[in-house]
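Asker: no sequence on this one, just coordinates:
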């Protein structure tokens, strides 16, 4: 059955997308106090308390996100056509990426420099670099995922017209995909595709991009997840199979075991200094399998638990794009503020996370939700309570939010317009 025949809204999948985005804020709050991972500045106070949660979240967050991005991108292209799709993505993704980076990159670098100067007051003053050196130090920071989304959209716009010339191939791919999605061994089959690319990564887990130039192994890995989401939209009736509640928690639990096995092998090799090919292959396989188990499990659980809209959850989902875009300097500011507090790293991380989220939510409510910024990020301005009371309208309930981060938010499937 085509997704176009399903009259329901995808509240559950939009909520899943929002949660994956928001988990990035936790990751960046915790990684600042962990021995592992990169962050613009760390105060030297670390703990291993967060290591397991950082590893597990890293194993599934972006894979799940890109599956959702592919799903909602296919929905949006079906509704808007290629021109409307390109215009929408330029406004919602390209503009925030370009403007956000231009504002945030220098701000984050200045905060990091200020933090180091506070930590070492007698340190040498900042160096001046040549233009070539400055360009070599530029990176997209946490906004790299938007750059990769834009690349995947471009690939999709090229691939879709080509696919129309190969209808038998498309039918065959759909048939294979459906068989995989409804099979108990579906995660294993999909892990076979992800496993080779993980073997090319530095630590058998998906690397973070180091610059603006897309890295082939990372592109291929995330493009696989994006394509899976695209095919899931084309075959949306298989969502009923993923929705089977007793199966989803089992998949998540097995996914946790797989991820822990993968990271345990990696940690053993690094701690002992013994690096064997078999260890790399085993770690890559367990992590590849865990990623797909998490994807199947999370989709199933969210389809079951969040089938109907929950107002506060929708608010968080609406705010997630803005919160993630601007969270980096906010986290850094609070991390600098608590440096000399004498608190343990765990307490520092908790205080920084709580204060940052509260500040970010306030900024979203005041600066974004009912302003033109909200139009760019979420597709509409949500009226304030006073405005709503003054001018009640059915428009407030219409299908309005077309998806920050590639998701056509809470979209209702409609008959094809033929575009």
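Answerer: Received the coordinates, thanks. The shown structure was predicted, so the numbers you read here are calculated from the model rather than taken from an experiment.

Asker: could you pull out the helices for the stretch 51-200 of the chain?
Answerer: Secondary structure of the stretch 51-200 of the chain, counting by DSSP state H, counting those that start in this stretch: helices at 51-89, 95-119, 131-137, 144-163, 167-182, 186-199.

Asker: Those helices: which one's closest to residue 227?
Answerer: helix 51-89 (6.2 Å; C-beta to C-beta). C-beta: built from backbone N, CA, C; applies to glycine.

Asker: List the buried residues for the closest one?
Answerer: 51, 54-80, 85-86, 88-89 (16 or more other C-beta atoms under 10 Å).

Asker: likewise stretch 336-352?
Answerer: So for stretch 336-352, counting by 16+ other C-beta under 10 Å, buried means 336, 338, 339, 345, 348, 349, 351, 352.

Asker: next one: stretch 89-97
Answerer: Applying 16+ other C-beta under 10 Å to stretch 89-97 flags 89, 92, 93, 94, 96, 97 as buried.

Asker: same thing with stretch 349-369?
Answerer: 349, 351-353, 355-357, 359-360, 363-364, 368-369.

Asker: swap in stretch 299-311?
Answerer: Buried, per 16+ other C-beta under 10 Å, within stretch 299-311: 299, 300, 301, 302, 303, 304, 306.

Asker: got the contact list for residue 286?
Answerer: Residues near residue 286 by C-beta atoms under 8 Å, 6 or more residues apart in numbering: 258, 259, 261, 262, 265.

Asker: Next up, identify which helix or strand it is on.
Answerer: Here residue 286, judged by DSSP states H and E, is contained in helix 277-305.

Asker: Past that helix, which element shows up next along the chain?
Answerer: helix 311-337.

Asker: list the helices and strands that following helix packs on?
Answerer: Using 3 or more C-beta pairs under 8 Å, 6 or more residues apart in numbering; DSSP states H and E as the contact test, the elements touching helix 311-337 are helix 11-31, helix 95-119, helix 345-363, helix 372-378.

Asker: Of these, which is nearest residue 294?
Answerer: Nearest of these (C-beta to C-beta): helix 11-31, 10.4 Å.

Asker: Assess the claim that residue 361 and residue 322 are in contact.
Answerer: No. Applying C-beta atoms under 8 Å as the test, residue 361 and residue 322 come out as separate, 9.4 Å apart.

Asker: circling back: pick out the most distant pair among the buried residues of stretch 336-352.
Answerer: 336 and 345 (14.7 Å).

Asker: circling back: okay, buried residues for the helix holding residue 286 please.
Answerer: Buried, per 16+ other C-beta under 10 Å, within helix 277-305: 279-280, 282-304.

Asker: same question for it, mean pLDDT?
Answerer: If you average the pLDDT over helix 277-305, you get 94.

Asker: now the angle between helix 311-337 and that helix, please.
Answerer: Angle of helix 277-305 versus helix 311-337, following axes from the mean of the first three to the mean of the last three C-alpha atoms, to 10 degrees, is 140 degrees.

Asker: now helix 277-305, how far from the centre of its chain.
Answerer: 16 Å (C-alpha atoms, centre = their mean, to the nearest Å).

Asker: What angle do helix 186-199 and that helix make with each other?
Answerer: 130 degrees.

Asker: Next one, pLDDT for the residue nearest to residue 367 when sequence neighbours are not counted please.
Answerer: Closest residue to residue 367 apart from its sequence neighbours, by C-beta to C-beta, 6 or more residues apart in numbering: residue 373 at 6.4 Å. Looking at residue 373, its pLDDT is 93.

Asker: Tabulate the helices of the stretch 51-200 of the chain (TSV), appending distance to residue 248.
Answerer: Putting those into TSV (distance: least, C-beta to C-beta, whole Å) gives the following:
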stretch	distance to residue 248
helix 51-89	13
helix 95-119	32
helix 131-137	44
helix 144-163	25
helix 167-182	13
helix 186-199	12
